[in-house]
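Student: predicted model and sequence below, questions to follow.
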Amino acid sequence: MPFQAIVVGLAEDLLWRGLIQPALNAVLSPPRRKGLRLGTVLASIGFGVSHLVNLTHQPVSAALEQVVFATAVGLVLGCRYDTSVNLWGAVILHNALEAMAVAVPLLLVR
């Protein structure tokens, strides 16, 4: 469980916010444009869609719900990265969400 809460979030943020989002923004968004950037939106959608991999072990409805949630979270994390240009803020927020996703169900079962 610590693996999911720490390593997965870090790896996803390095890929989506650290590599893909800046590359998309460099190509699709003006350099000094303020506000929501197209590359950030597309990276967030890609981040959400990448969660379809969970169809291998979840029902379709649960996987689609996770895609929608991950897209929204990706947009929040992406905007956080765009405003700070610091990946660690997004990583910490993402890891906190992952930790809650693991811990809350365990606490409810007991």
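Tutor: Structure received. This one's a predicted model, so the numbers in the text were calculated from it and none came from an experiment.
Student: center of this protein - which residue?
Tutor: residue 74 (3.6 Å; C-alpha atoms, centre = their mean).
Student: tell me where the chain has helices.
Tutor: 2, 9-15, 21-28, 38-49, 60-84, 87-109 (DSSP state H).
Student: now mean pLDDT too, for the ones you listed, in JSON lines please.
Tutor: JSON lines is the format used below for the helices of the chain (pLDDT from 0 to 100):
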{"stretch": "helix 2", "mean pLDDT": "67"}
{"stretch": "helix 9-15", "mean pLDDT": "91"}
{"stretch": "helix 21-28", "mean pLDDT": "94"}
{"stretch": "helix 38-49", "mean pLDDT": "96"}
{"stretch": "helix 60-84", "mean pLDDT": "94"}
{"stretch": "helix 87-109", "mean pLDDT": "84"}
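Student: do I have it right that the residue nearest to the centre of the chain meets residue 44?
Tutor: Yes - judged on C-beta atoms under 8 Å, residue 74 makes contact with residue 44 at a distance of 3.6 Å. Placement of C-beta: from N, CA and C, glycine included.
Student: separation between residue 91 and residue 72?
Tutor: If you measure residue 91 against residue 72 using C-beta to C-beta, to the nearest Å, the figure is 18 Å.
Student: these two: which is more packed in?
Tutor: residue 91 (22 against 12; other C-beta atoms under 10 Å).
Student: counting neighbours, what do you get for the residue lying closest to the more buried one once chain neighbours are set aside?
Tutor: Closest residue in space to residue 91, ignoring its immediate chain neighbours: residue 13 at 4.7 Å, by C-beta to C-beta, 6 or more residues apart in numbering. Residue 13: 26 surrounding residues under other C-beta under 10 Å.
Student: same thing with residue 19?
Tutor: 12.
Student: repeat that for residue 61.
Tutor: Residue 61 has 8 nearby residues by other C-beta under 10 Å.
Student: one more: residue 23?
Tutor: 12.
Student: how about residue 30?
Tutor: Neighbour tally, residue 30, other C-beta under 10 Å: 9.
Student: wait, residue 42 sits on residue 24?
Tutor: Yes - Residue 42 lies in contact with residue 24 (C-beta under 8 Å); the separation is 5.4 Å.
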